[in-house]
Structures are given as C-alpha cells and as structure tokens.
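S.K.: Okay, structure incoming, though there's no sequence with it:
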C-alpha cells in the first residue's frame, strides 16, 4: 500500500534525523532528507493533508540542522520553504499547538539565516514569528515548549541588538531568557538550564559594556557560574570552555573598572581553564570587543 510505504519512509526519516542530530555529521541527515522526500511522493497534500504537513515539517528540520551545521544558506532557505509548506495545513485554527511549534521552527531557520548575513531583516522576521508562536504555545499549555520559544526569542533579540548596536533588544533578550528559566529549571532540564544561563550572561555582558555601572557585569558573572554547575568539563568540554571564556571576559571587564585586582586574577584563571580544551579545536564566538578581548 503506497500510504503504508510513505509512513514507513517517514518513520525511517525520523529515526535517521535523530541519529544525525546526535552524531554531529551530515550523512544520516542527508539520508533522512531522501526518506522524507520519498514519503512525499505518496503522502501528498491532496491525499493526506495533515500527514503531508507533518512530513514537510520534518523535512524542514533536517534542512535546518544541515544548513546550520554547515553554514549553507541554500539549505536554510529550503528549510524555510518546507516549514511554510507545512503551515498551509498546520493552521492556527485547526491545530494551534502544532501551528505554534512549526512557527517556532520557521523562526529558528530564519534566525540561522540571519546569523549568516549582515542585515537585520531575517532576525526581525524571526523575532516576530517567535512572538507569534507564543500566542498559542503558552506557559500553561506547554511549559517546556514555551520556554524553548522564549529562549529562541532571546537569542534572536540578542543577535539583533548586537547587530544594530542597540540596548533595547538586549534588554528584551534578558527578559526572554529569564522567562525561559522559569520552566527550564536545573532540576528538570539541567543542560538546557545551563545553556540558557550562558546565553543570559552573554547578553548581560553586552549591556554592561554600554553602561558605566557594574551591576549587569556582576549579574553576568553569576549567570556564567551557574551555567558551569552543569556545563562541566567532563560532560560537555567545549561548552564548558566557552562559558569559562565568557566568564573570563565578564571578570576582565569588571576588573578594569575596579581599583583592586581580584576580578582580574579570577579572569586569568577562567581564561586558562578555557584554554585547557584548545586541543579540541574549540573556537570562541566572535562578538563585540570587551576590554580588549573578543566575546
């Protein structure tokens, strides 16, 4: 039966996608894309509209992961097209939560595209789409999905603020990350909690650079130290090194504003810790200059 064949292709694609997301390569993801495309030969919009939209959404997720992993905008554009196809049947009226999650996926693909170009249009679109998704994916209805969208919204706002050199989006990003942490707790999702703490700290540093006081920098230091409670060297060495590097930047900037040397000494320790994983080819993100170093 053709529809049974298409369902099996979809199941195969889903399994290959999960494997591909875990192994860090591209072969499994490329196989998943083939399986989903084969499924769509029989699982058409006319024959099975909701099944078709689900497969389109899954195909979009494969393209998004591949495009983000390889820095290939053409794959991200294919992800955007697949998500937009899915939304033709996954409407807000028919399936509000599925609509919201596909909107969130679309926003993530646009945010990845926004990272690759020098403009702000894609980032602005992503911010609008994440906010749209939150109209249906509420904290009461789906708390962890709501927290994920809040975290993605914070990331898009943070990139927008850095790109435009504006504080307002950075302030909004901090609010979004703190909202996410209401459900992304250490007890429930420790590594997601740590990632959100790390992202919160990055935005607090960026705001702190623009202010004469030290309150935001101190908040950033707290956030990074919290992140390191779960981002340990044994568990996630590259993430641990990244957070150590960001902690060093916050301490260095704070130390440059203080008369004593304690914060600067702590910054040296953090930077040296980060360098312990340099043999793993960890490369810190490049961002705005902070106290003579790069974020």
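M.R.: Cool, the structure landed. This structure is a prediction, so every number in the text was calculated from the model and none was measured.
S.K.: where does this protein dip in pLDDT?
M.R.: 278-295 (pLDDT under 70).
S.K.: All the strands of it, residue numbers only.
M.R.: Taking DSSP state E as the criterion, the chain carries its strands at 289-290, 293-294.
S.K.: how many other residues sit next to residue 261?
M.R.: Residue 261 has 11 neighbouring residues, counting by other CB atoms under 10 Å. Using the backbone N, CA and C atoms, a C-beta is placed for each residue, glycine as well.
S.K.: if I pick it, what's in contact with it?
M.R.: Shown in contact with residue 261 (CB atoms under 8 Å, 6 or more residues apart in numbering): residue 255.
S.K.: Can you tell me how far it is from residue 54?
M.R.: Distance of residue 261 to residue 54, given as CB to CB, to the nearest Å: 58 Å.
S.K.: Please apply the same query to residue 89.
M.R.: Distance of residue 89 to residue 54, given as CB to CB: 9 Å.
S.K.: Please apply the same query to residue 205.
M.R.: Using CB to CB, residue 205 is found at 40 Å from residue 54.
S.K.: hey, where'd the helices end up in the protein?
M.R.: With DSSP state H as the criterion, the chain has helices at 2-23, 27-42, 49-70, 73-86, 96-116, 121-133, 143-164, 167-180, 190-210, 215-230, 237-257, 262-275.
S.K.: With mean neighbour count added, can I get the ones you listed in JSON lines?
M.R.: Shown next, in JSON lines, are these (neighbours: other CB atoms under 10 Å):
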{"stretch": "helix 2-23", "mean neighbour count": "16"}
{"stretch": "helix 27-42", "mean neighbour count": "19"}
{"stretch": "helix 49-70", "mean neighbour count": "22"}
{"stretch": "helix 73-86", "mean neighbour count": "21"}
{"stretch": "helix 96-116", "mean neighbour count": "23"}
{"stretch": "helix 121-133", "mean neighbour count": "21"}
{"stretch": "helix 143-164", "mean neighbour count": "23"}
{"stretch": "helix 167-180", "mean neighbour count": "21"}
{"stretch": "helix 190-210", "mean neighbour count": "23"}
{"stretch": "helix 215-230", "mean neighbour count": "21"}
{"stretch": "helix 237-257", "mean neighbour count": "23"}
{"stretch": "helix 262-275", "mean neighbour count": "17"}
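S.K.: residue contacts, the spatially most central residue of the chain?
M.R.: Closest to where the C-alpha atoms of the chain average out (CA atoms, centre = their mean) is residue 152, at 5.4 Å. Residue 152 sits next to 104, 107-108, 111, 126, 130 when contact means CB under 8 Å, 6+ apart.
S.K.: Now for residue 260, how many residues are close by?
M.R.: Residues near residue 260, counting by other CB under 10 Å: 8.
S.K.: Can you list phi and psi of it for me?
M.R.: Phi and psi for residue 260, reported as degrees, to the nearest 10, are phi -80, psi -180.
S.K.: Next one: it from residue 20, what distance?
M.R.: 50 Å.
S.K.: Repeat that for residue 149.
M.R.: Residue 149 is 23 Å from residue 20, by CB to CB.
S.K.: and what of residue 144?
M.R.: Distance check for residue 144 against residue 20: by CB to CB, it reads 23 Å.
S.K.: what do you get for residue 70?
M.R.: Distance from residue 70 to residue 20, by CB to CB: 12 Å.
S.K.: Mind listing the shared neighbours of these two?
M.R.: residue 26.
S.K.: Correct me if wrong: residue 70 contacts residue 24.
M.R.: No. With contact defined as CB atoms under 8 Å, residue 70 does not reach residue 24; the gap is 11.6 Å.
S.K.: In contact with residue 24, which residues?
M.R.: residue 69.
S.K.: Could you measure from the nearest residue to residue 38 once chain neighbours are set aside over to residue 32?
M.R.: Leaving out its chain neighbours, the residue that sits closest to residue 38 by CB to CB, 6 or more residues apart in numbering is residue 9, at 4.8 Å. Using CB to CB, residue 9 is found at 10 Å from residue 32.
S.K.: and if you look at residue 151?
M.R.: Counting by CB to CB - residue 151 and residue 32 are separated by 25 Å.
S.K.: Repeat that for residue 171.
M.R.: In terms of CB to CB, residue 171 sits 39 Å off from residue 32.
S.K.: And the closest residue to residue 167 other than its chain neighbours, how far from residue 120?
M.R.: The spatial neighbour of residue 167 that comes closest, neighbours along the chain excluded (CB to CB, 6+ apart), is residue 210 at 5.4 Å. Distance of residue 210 to residue 120, computed by CB to CB: 18 Å.
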